[in-house]
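> Quick one, fold the following:
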Amino acid sequence: MGTYYEYLHTVGFEETNLVGNVYYVNYLRWQGRCREMFLMERARDVLADLQDDLKLFTLKVDCEFFAEITAFDQLSIRMRLIELAQTQIEFGFDYVRVTPGAPEVLVARGRQRVACMRGPNTKTAPARVPEPLVRALEPYVA
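You can find the predicted model right below:
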């Protein structure tokens with residue numbers, strides 16, 4: 001498997017329920033956050049394009065859970081490129097609990113499909129994945 005882009009996260013109390021488990025919706029939020037941080041750190045040229053007329057629409061997300069996590073668990077959210085089409089991108093995410101001195105534990109795995117669109121909000125149309133984004137994603141092919 002290729003390399004991955006890594007976003008590190010510490011689970012907070014606000015991300016848990018009364019029993020202390022993490023709400024499922026946070027896993028989806030972390031996918032979005034990981035993608036945003038990737039753009040900021042590895043594809044800065046795309047950020048200016050997003051300020052203009054490029055839009056990245058999330059078409060589909062999913063997440064499969066293998067183990068529970070709680071407040072103050074340390075997570076490594078590892079993003080890989082699953083598929084790159086002309087106008088769409090599919091990412092894969094591994095959620096790994098990283099505890100110093102202990103083996104890593106895969107706690108969940110997810111996917112996210114994104115479409116590139118351009119134009120004003122009322123008249124968006126499919127658009128090619130921008131070349132700077134394609135180049136930034138190359139090292140992370142699954």
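> any idea how far the nearest residue to residue 97 once chain neighbours are set aside is from residue 61?
Of all residues not flanking residue 97 in the chain, residue 105 sits nearest, at 4.4 Å (CB to CB, 6 or more residues apart in numbering). (Each C-beta comes from the backbone N, C-alpha and C, glycine too.) Computed as CB to CB, to the nearest Å, the residue 105 to residue 61 distance reads 22 Å.
> With residue 48 instead?
Taking CB to CB, one finds residue 48 at 26 Å from residue 61.
> Looking at these two, which is more packed in?
Set residue 48 next to residue 61 and count neighbours by other CB atoms under 10 Å: residue 61 wins out with 16 against 10.
> list the helices and strands the strand or helix carrying the more buried one packs on?
Using DSSP states H and E, residue 61 falls within strand 54-65. Here strand 54-65 touches helix 24-42, strand 105-118, going by 3 or more CB pairs under 8 Å, 6 or more residues apart in numbering; DSSP states H and E.
> What lies in contact with it?
Strand 54-65 has contacts (CB atoms under 8 Å, 6 or more residues apart in numbering) with 24, 27-28, 31-32, 46, 50, 88, 93, 107-118, 124, 127, 130.
> tell me the contacts of the residue nearest in space to the middle of the chain?
The chain has residue 31 as the residue nearest its centroid, 3.3 Å off, counting by CA atoms, centre = their mean. Contact analysis of residue 31 by CB under 8 Å, 6+ apart lists 61, 63, 77, 79, 91, 93, 110, 112.
> which of these tops the neighbour count?
For these, the largest neighbour count, defined by other CB under 10 Å, is 27 neighbours, found at residue 93.
> was I right about that residue contacting residue 77?
Yes. Counting by CB atoms under 8 Å, residue 93 touches residue 77, with 6.0 Å between them.
> burial of the nearest residue to residue 43 once chain neighbours are set aside, as a residue count?
For residue 43, ignoring the flanking residues on the chain, the nearest one in space by CB to CB, 6+ apart is residue 136 at 3.9 Å. Under the neighbour criterion other CB under 10 Å, residue 136 is assigned a count of 20.
> Done for today, thanks.
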